[in-house]
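**Student:** What follows is a protein structure lacking sequence information:
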């Protein structure tokens, strides 16, 4: 914590922020290891599938952790309002650390067969439940310690932990990969970052055991005014549910898509669509996260002065207006050969039997010819135009045409790959042509947009709800927004891009959600920075 940021902050408060933030950082580290190692986990646990299907199955397993987060919010948010903030986030820490450690011990598909991916998904569910219970407890705990007028600054430190957790995960993976070499890392070295989480778990538990319960919760507990039925009290009437819905759609949904687009989707875009090698992409994203991390605290502190609402709305609007330009510039900077091929070589898909799939990179043996052709096009990041046709499925790459029969075998796929090679579509980004300073600059801008919406969000949510049910009320909209709107972003974006034939079209999803969220916030969200969060206690 910098001297300037901590000026005037009591030593006890500096310690509780450091302890809360460090534990949360380690939980996010655990949660994000899975996503950062998705290509390796695909080969280890979904070996029965082809490479594309295995990766999609792994990413769907990644999404499972997000989908289940609202359930964790309900379970642990209720406990936070019943027994206290401190003991609840100790429980979530143990659950997260235990599940992550066990992933490092799981046998792969070759040893355990179908039980291996089933166990992996089960542990991913446990991770989702844990992170669903973590945020509301910690954000509430820190905000209830903060003096009036500094809640944004205090909780801004907690907001930065998600980014720092992703940074730590990327650095651990890159360091282990470089130390062992790619072959050993892919074979068994990928387990090391998971297994080392037990050390982080022990440190986090010891630190959090030193913390005292939130003073606001202690007061209402001693006065006999704590809630006996937090969920019913928080969501049982339309007046209270309406506030939750405004928080979800007016603040959190937009924040979620901007945060995940600026950090996680940027990493997936670099590796899966722009074909930048994993190490280079991870280091570039890690550098951007390190540079942009202080902005989470800065925007949180700024929201204490000018309000939470204007900063979050400005972040959502700025993201909606700039995403297409930023990601187009990222394409030209990271893989100029791909951008040149997309602009130079017209590609058309003539078919009438395409299906809309959430796993466009994968598929079963009974797929149509259109689906088989489209999987190749999406995997190679081809920009194509689709024409409806009642005849045979054909892909035209410039002047060359390849037919895909109803039961497409390997021959048409191979022919399409050869045509794309000849047209200049690269199979991977040329490291010598990557404009790293420009890529880094764009990634930093994306992180700054994420910081605008994420830095003030904890303070805004805490200020919307009373102490008696604050954990439950904060946790549910936050994790529906971030778990569903944000967590499903990669799969949704890929599906949109596959359907339209342009990889940037997947950005319409975060752009639309951010724009709608900003509009709802302007109309329905009231500024909360001056609200007394203890009124009525």
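**Tutor:** All right, it came through fine. Treat the numbers as computed from the prediction; the structure is a model and nothing was measured.
**Student:** elements contacting the worst-scoring helix or strand of the chain on mean pLDDT?
**Tutor:** Of all helical and strand segments in the chain, the minimum by mean pLDDT, DSSP states H and E falls on helix 215-222, at a mean of 72. Applying 3 or more CB pairs under 8 Å, 6 or more residues apart in numbering; DSSP states H and E, one finds that helix 215-222 makes contact with helix 115-145. C-beta here means a position set from N, CA and C on the backbone, and glycine is covered the same way.
**Student:** Report the distance from the helix it packs on to the chain centre.
**Tutor:** On the basis of CA atoms, centre = their mean, to the nearest Å, helix 115-145 sits 14 Å off its chain's mean C-alpha point.
**Student:** Buried residues, that helix. List them.
**Tutor:** Residues of helix 115-145 classed as buried: 116-117, 119-121, 123-145 (neighbour count, 16 or more other CB atoms under 10 Å).
**Student:** helix or strand right after it?
**Tutor:** Per DSSP states H and E, the first helix or strand lying C-terminal to helix 115-145 is helix 151-180.
**Student:** That following helix vs helix 115-145, what angle?
**Tutor:** Interaxial angle of helix 151-180 relative to helix 115-145 (axes from the mean of the first three to the mean of the last three CA atoms, to 10 degrees): 150 degrees.
**Student:** name the helices or strands packed onto helix 151-180?
**Tutor:** helix 11-36, helix 115-145, helix 191-195, helix 278-292, helix 294-306, helix 436-454, helix 457-462.
**Student:** and the angle from that helix to helix 436-454?
**Tutor:** Using the same axes, to 10 degrees: helix 151-180 against helix 436-454 is 140 degrees.
**Student:** Give me the buried positions along helix 151-180.
**Tutor:** Within helix 151-180, the residues that qualify as buried are 151-174, 176-177, 180, counting by 16+ other CB under 10 Å.
**Student:** For it, give the mean pLDDT please.
**Tutor:** Mean per-residue pLDDT for helix 151-180: 89.
**Student:** and residue 485, which of the helices and strands packed on helix 151-180 is closest to it?
**Tutor:** Nearest to residue 485 among the helices and strands packed on helix 151-180 is helix 436-454; the distance by CB to CB comes to 12.2 Å.
**Student:** Identify each buried residue in the closest one, please.
**Tutor:** Buried residues in helix 436-454 (16+ other CB under 10 Å): 439-454.
**Student:** on that earlier part again, export the helices and strands packed on helix 151-180 as a markdown table, with columns for mean pLDDT.
**Tutor:** Listed next are the helices and strands packed on helix 151-180 as a markdown table, based on pLDDT from 0 to 100:
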| stretch | mean pLDDT |
| --- | --- |
| helix 11-36 | 78 |
| helix 115-145 | 85 |
| helix 191-195 | 94 |
| helix 278-292 | 91 |
| helix 294-306 | 95 |
| helix 436-454 | 96 |
| helix 457-462 | 93 |
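**Student:** how about CSV for those helices, with distance to residue 375 added?
**Tutor:** Formatted as CSV, the helices and strands packed on helix 151-180 follow (distance: least, CB to CB, whole Å):
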stretch, distance to residue 375
helix 11-36, 22
helix 115-145, 21
helix 191-195, 30
helix 278-292, 21
helix 294-306, 38
helix 436-454, 27
helix 457-462, 38
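**Student:** so where is this protein shaky, pLDDT-wise?
**Tutor:** In the predicted model of the chain, residues 1-9, 50-52, 216, 224-227, 353-367, 406-408, 536-537 satisfy pLDDT under 70.
**Student:** Let me know the outermost residue of it.
**Tutor:** Here the chain reaches farthest from its C-alpha mean at residue 391, the gap being 41.5 Å by CA atoms, centre = their mean.
**Student:** I'd like to know how far it sits from residue 371.
**Tutor:** According to CB to CB, to the nearest Å, residue 391 stands 17 Å off from residue 371.
**Student:** Over to residue 405?
**Tutor:** 12 Å.
**Student:** quick one: which of those two has more around it?
**Tutor:** residue 371 (22 against 13; other CB atoms under 10 Å).
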